[in-house]
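Asks: no sequence on this one, just coordinates:
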């Protein structure tokens, strides 16, 4: 007590009571996305004494990283706070769904093939060991075109929300194939001909054929098969349809060979009349056309008596084969003398004395070649003395130096204007 000279003071002591300070602590509401780590738990404190004791507390929640979507309590546990009277208020931690972007992958296939697997990518990655269930689907259809790929039954747990981006499955045309069939060899018949059949797979489109000549054969590309003989090729083309591409075959080579003409040659069998004779004949094509102008009978042309083995020939043309053959033509011995001369000449036949040489002596009225043919008694030719030159009005002797056996013989002597036949005897 201080100096109080004027007072007689009786003092009585008392107390100062310090009451606890009222304070509040409230947890803050927090949120996080499913699968994320828990955020730091915080609280708001009111009523704390500046410079005084700190509030002793702790915060906790039942939520963990992979807790399902929902609200989880954030609770306050108070420690020793003797100077405070604390009112606490708990709050919640809200876990929200995780957004996953799912993007379908574009796909393609060829018509008729099985569907490829419908796949996708997702971002971000799923939490923990979570997986998708279900599958993508596409719009129905198998024709060439594009079909939407949709989410279908693809899903995740309720902890996720899916943001889906679709794509397209494209069906492209399948390939076709075509092969020409048929024979590769024909014979000219006057009509168009060539392979016109094929086998094919794929498209149901129209089939066309294109023909053209090859090598030295001139035939511009045409849908009409060729007619004339030659070498050719044909290509079959298959048109595309809704689901298949078109196709062309490899060239198919074929040949139209020349035909054989029908040839008829008629030989002659006549008696010598000092006139020229020639065989007759015709050549006919496969459609009845007259080809006789290509038939050559010139080698059958004769005047004098003889039996001839003559050759005829057919030249042929671009559609017909050449041909040839032989016939037997005959100009036979006449009876007696046939001549165009007013006074026929005389032929004398005699043997050279002491020799086997047979002589034929005569004096022709005209110059030219003279032939003597000797026959035996059966009529068979045994000697021919051909191409002997004779001069008009000059005595001519044609000699046979062959040794003939004894016997009777027939001969004929012929030139351009007369024919003479007779007999002679070899007696020694």
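Replies: Arrived safely. Since the model is a prediction, treat every value here as computed from it, not as a measurement.
Asks: ranges for the strands of the stretch 51-200 of the chain?
Replies: 57-61, 70-78, 84-89, 91-96, 98-104, 107-110, 120-123, 137-138, 145-150, 160-165, 167-172, 177-181, 185-187, 197-201 (DSSP state E, counting those that start in this stretch).
Asks: packing partners of the second one?
Replies: Think strand 70-78. Secondary-structure packing of strand 70-78 (3 or more CB pairs under 8 Å, 6 or more residues apart in numbering; DSSP states H and E): strand 21-27, strand 57-61, strand 84-89, strand 91-96. In this view, the C-beta of every residue, glycine as well, is placed from N, C-alpha and C.
Asks: and the first one, by the same measure?
Replies: Using 3+ CB pairs under 8 Å, 6+ apart as the contact test, the elements touching strand 57-61 are strand 70-78.
Asks: circling back: how about the helices and strands packed on strand 70-78 in CSV, adding mean pLDDT and mean neighbour count?
Replies: As requested, the helices and strands packed on strand 70-78 are exported to CSV (pLDDT from 0 to 100; neighbours: other CB atoms under 10 Å):
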stretch, mean pLDDT, mean neighbour count
strand 21-27, 95, 18
strand 57-61, 96, 15
strand 84-89, 95, 16
strand 91-96, 97, 19
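Asks: same list, the ones you listed, but as CSV with distance to residue 7 please.
Replies: What follows is the helices and strands packed on strand 70-78, written out as CSV (distance: least, CB to CB, whole Å):
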stretch, distance to residue 7
strand 21-27, 39
strand 57-61, 53
strand 84-89, 42
strand 91-96, 61
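Asks: residue 285: which of those strands is closest?
Replies: Among those, the nearest to residue 285 by CB to CB is strand 91-96 (98.7 Å).
Asks: tell me which residues are up against that closest one.
Replies: If you take CB atoms under 8 Å, 6 or more residues apart in numbering as the criterion, strand 91-96 is touched by 26-34, 38-39, 41, 61, 63, 67-74.
Asks: surely residue 209 touches residue 223?
Replies: Yes: using CB atoms under 8 Å, residue 209 is in contact with residue 223, at 6.5 Å.
Asks: out of those two, which sits in the busier spot?
Replies: More crowded of residue 209 and residue 223, by other CB atoms under 10 Å: residue 209, with 20 against 8.
Asks: in contact with that one, which residues?
Replies: 180, 194-196, 223, 225, 234-237.
Asks: mean confidence for the helix or strand that it is a member of?
Replies: Secondary-structure assignment from DSSP states H and E places residue 209 in strand 207-213. Average pLDDT, strand 207-213: 98.
Asks: how about stretch 373-388?
Replies: Mean predicted confidence for stretch 373-388 is 88.
Asks: mind listing what's buried in it?
Replies: 373-375, 383, 385, 388 (16 or more other CB atoms under 10 Å).
Asks: would you format the residues you listed as JSON lines with secondary structure and distance to residue 250 included?
Replies: Formatted as JSON lines, the buried residues of stretch 373-388 follow (DSSP: H, G, I helix; E, B strand; the rest coil; distance: CB to CB, whole Å):
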{"residue": "373", "secondary structure": "strand", "distance to residue 250": "68"}
{"residue": "374", "secondary structure": "strand", "distance to residue 250": "72"}
{"residue": "375", "secondary structure": "strand", "distance to residue 250": "70"}
{"residue": "383", "secondary structure": "strand", "distance to residue 250": "70"}
{"residue": "385", "secondary structure": "strand", "distance to residue 250": "70"}
{"residue": "388", "secondary structure": "strand", "distance to residue 250": "71"}
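Asks: domain boundaries for this protein, per the record?
Replies: Residue ranges for each domain of the chain read 21-96, 99-172, 177-257, 262-332, 338-426, as given by automatic domain parsing.
Asks: end-to-end on the second one?
Replies: Domain 99-172 has an end-to-end distance of 35 Å (criterion: CA to CA, to the nearest Å).
Asks: quick one, grab the pLDDT at residue 342.
Replies: Residue 342 is given a pLDDT of 45.
Asks: repeat that for residue 333.
Replies: Predicted confidence (pLDDT) for residue 333: 60.
Asks: okay, now the unreliable bits of this protein?
Replies: 1, 273-274, 333-344, 416-418, 428 (pLDDT under 70).
Asks: list the contacts of the residue nearest the centre of it.
Replies: Nearest residue to the geometric centre of the chain (CA atoms, centre = their mean): residue 249, 2.1 Å. Applying CB under 8 Å, 6+ apart to residue 249 gives the contacts 178-180, 198, 235-237.
Asks: strands along the stretch 201-350 of the chain, start to end?
Replies: Going by DSSP E, counting those that start in this stretch, the stretch 201-350 of the chain shows strands at 207-213, 230-238, 247-248, 252-257, 262-266, 269-271, 280-284, 295-296, 306-314, 323-332, 338-339, 348-351.
Asks: which one of those strands lies closest to residue 80?
Replies: Using CB to CB as the measure, strand 247-248 is the one of the strands of the stretch 201-350 of the chain that comes nearest residue 80, at 93.5 Å.
Asks: distance of the nearest residue to residue 52 once chain neighbours are set aside relative to residue 19?
Replies: Spatial nearest neighbour of residue 52, chain neighbours left out: residue 83 (6.6 Å); criterion: CB to CB, 6 or more residues apart in numbering. Residue 83 sits at a distance of 9 Å from residue 19 (criterion: CB to CB, to the nearest Å).
Asks: which one's more surrounded, those two?
Replies: Each of residue 83 and residue 19 has its neighbours counted (other CB under 10 Å); residue 83 has more, 15 against 7.
Asks: can you tell me the helix or strand for residue 370?
Replies: Using DSSP H and E, residue 370 sits in strand 368-375.
Asks: sheet partners, orientation included, of that strand?
Replies: strand 381-390 (antiparallel), strand 407-414 (antiparallel) (DSSP bridges).
Asks: can you give me the buried ones in the last one?
Replies: Okay, so that is strand 407-414. 409-414.
Asks: circling back to that earlier point, can you lay out the contacts of residue 209 as a markdown table showing distance to residue 401?
Replies: Shown next, in a markdown table, are those (distance: CB to CB, whole Å):
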| residue | distance to residue 401 |
| --- | --- |
| 180 | 74 |
| 194 | 68 |
| 195 | 70 |
| 196 | 73 |
| 223 | 76 |
| 225 | 69 |
| 234 | 71 |
| 235 | 75 |
| 236 | 77 |
| 237 | 81 |
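Asks: burial measure for residue 117, as a count.
Replies: 9.
Asks: which residues does residue 384 bridge with?
Replies: With DSSP bridges as the criterion, residue 384 is bridged to residue 373.
Asks: whoops, residue 254 was the one
Replies: Going by DSSP bridges, residue 254 forms beta bridges with residue 232.
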